[in-house]
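Undergrad: sharing a model that was predicted from the sequence below.
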Amino acid sequence: MRPRRVPALLALATWACLHAAAPGWLSVGMAPASAAAARARAPGTLGRSQVAAAGSSPLNAGHSDVAEAWGDRLDNVHAEMAAARGGRHGTAHAGAAAQQSSRRPRDTAWDTPADTPRRNGDGGGSGSSGRTVVEPVTGCVMVCPCKNGCIACGGGAATAALPELVFVPGHKSSDQAAACASYVDSSLTASNFGKLHVVTYARYDDTTQMRAAGYLEGWLSADRIFDQFVNIKSYFLQQLYPGVDFSDAMSWLEEQEAWMDSRAEHVDAEAGQDWEVWNAVQLVRVQFEGLVEGYQAAARLEHARTRAAAAADNAEAEGRGSAGRGGQGDVPSGGVGWLERADLLFLNSNGDLYDIIDHLIAQQKQEQEQNHSKQQRQQQQRQQQ
């Protein structure tokens, strides 16, 4: 099956949304760098997530020390979420694609939103005394300074062409921040919709802004992304397409990605509107690559904390003379399990997969019928001879 030649239509709609929105808000738009700087960048350059060193598990790869300060707060958020929903994967949850964002900038972006998420408090009484305001999770992404053509900061490898992004907990708008965000989980809102607000800064080029925005979404909503993946994958495998091999459909998506990359790479920056369309396509793809980076960084951090907690439990058990539970720390926690890029591509493209899989199944059935008819004709010819 040949990839469809239709991404330009989608890209045009995406480009229109990006440029018609209020600048600085990645939910529907962004603060673009200067036109000259934008056209000077080579189109088609995507930020790929950093991969662990050969021979090592991705979950055991290094992570930034600055992110460890965020660990305690992650534990609190996960505890709140688990208590609110009463189970890990019992119902379908809103994932990365379902997060809601504000459509206009405002001075109080980092205050509690107007539709303040609330939950019942433990205290008695009436009025506001019986309710508790849930503080949104906030953070920003910093771009590490480049030294001698490489990045000498954070826990992962990087290059001058692809600066490493480092997550910093809390709202800190500084000269180095590429993007800042606040996130309230769906379990803590009256509407049952998660709220993700992302702001990017025009001091960085468009590619860095989009990548940073994706990184923040992947990091802050990692728990819900994993929930959504578990639910959607089981729904596809057990209910929609039991026994169906997804490899052909995923190969189709990968072919489509390669085709889009090749088109974008061969469009000159002076090509006018055609360049703007394909540049917008690549910016959306960069945002996805940032999401992969952010999610995998959060998974590594949580896995490291799980191993540390298991080691502490074992040490405490040995101190009491009891047998420890060795090896439990090697199992990723249920909150943020490891997902490969292909897993996140599956989740991000599940709306397209319905049509792709249905088409491939119909195509396979048609080929089987044609082969059967051909065999019957050949058999009849042999009988006539």
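TA: That came through fine. Numbering: from 1, shown residues only.

Undergrad: all the helices of the stretch 201-350 of the chain, residue numbers only.
TA: Secondary structure of the stretch 201-350 of the chain by DSSP state H, counting those that start in this stretch: the helices cover 206-220, 222-234, 247-265, 273-319, 341-348, 350-384.

Undergrad: now render those helices as a markdown table, adding mean neighbour count, mean pLDDT and distance to residue 196.
TA: Where C-beta positions appear, they are placed from N, C-alpha and C, glycine not excepted. Formatted as a markdown table, the helices of the stretch 201-350 of the chain follow (neighbours: other CB atoms under 10 Å; pLDDT from 0 to 100; distance: least, CB to CB, whole Å):
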| stretch | mean neighbour count | mean pLDDT | distance to residue 196 |
| --- | --- | --- | --- |
| helix 206-220 | 28 | 92 | 6 |
| helix 222-234 | 21 | 94 | 10 |
| helix 247-265 | 16 | 91 | 25 |
| helix 273-319 | 20 | 89 | 11 |
| helix 341-348 | 18 | 96 | 15 |
| helix 350-384 | 12 | 87 | 19 |
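
Undergrad: right, so of these, which gets closest to residue 187?
TA: Taking CB to CB as the criterion, helix 222-234 is the member of the helices of the stretch 201-350 of the chain that comes nearest to residue 187, at 9.0 Å.

Undergrad: tilt between that closest one and helix 341-348?
TA: Helix 222-234 and helix 341-348 are oriented at 80 degrees to each other (axes from the mean of the first three to the mean of the last three CA atoms, to 10 degrees).

Undergrad: helix 222-234 packs against which elements?
TA: Helices and strands touching helix 222-234, by 3 or more CB pairs under 8 Å, 6 or more residues apart in numbering; DSSP states H and E, are helix 71-85, helix 273-319, helix 341-348.

Undergrad: including distance to residue 169, could the helices of the stretch 201-350 of the chain go into JSON lines?
TA: Converted to JSON lines, the helices of the stretch 201-350 of the chain look like this (distance: least, CB to CB, whole Å):
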{"stretch": "helix 206-220", "distance to residue 169": "10"}
{"stretch": "helix 222-234", "distance to residue 169": "14"}
{"stretch": "helix 247-265", "distance to residue 169": "33"}
{"stretch": "helix 273-319", "distance to residue 169": "11"}
{"stretch": "helix 341-348", "distance to residue 169": "23"}
{"stretch": "helix 350-384", "distance to residue 169": "31"}
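
Undergrad: hmm, back to that, need the helices and strands packed on helix 222-234 in JSON lines with distance to residue 207, can you?
TA: Supplementary listing: the helices and strands packed on helix 222-234 in JSON lines, determined by distance: least, CB to CB, whole Å:
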{"stretch": "helix 71-85", "distance to residue 207": "28"}
{"stretch": "helix 273-319", "distance to residue 207": "5"}
{"stretch": "helix 341-348", "distance to residue 207": "18"}
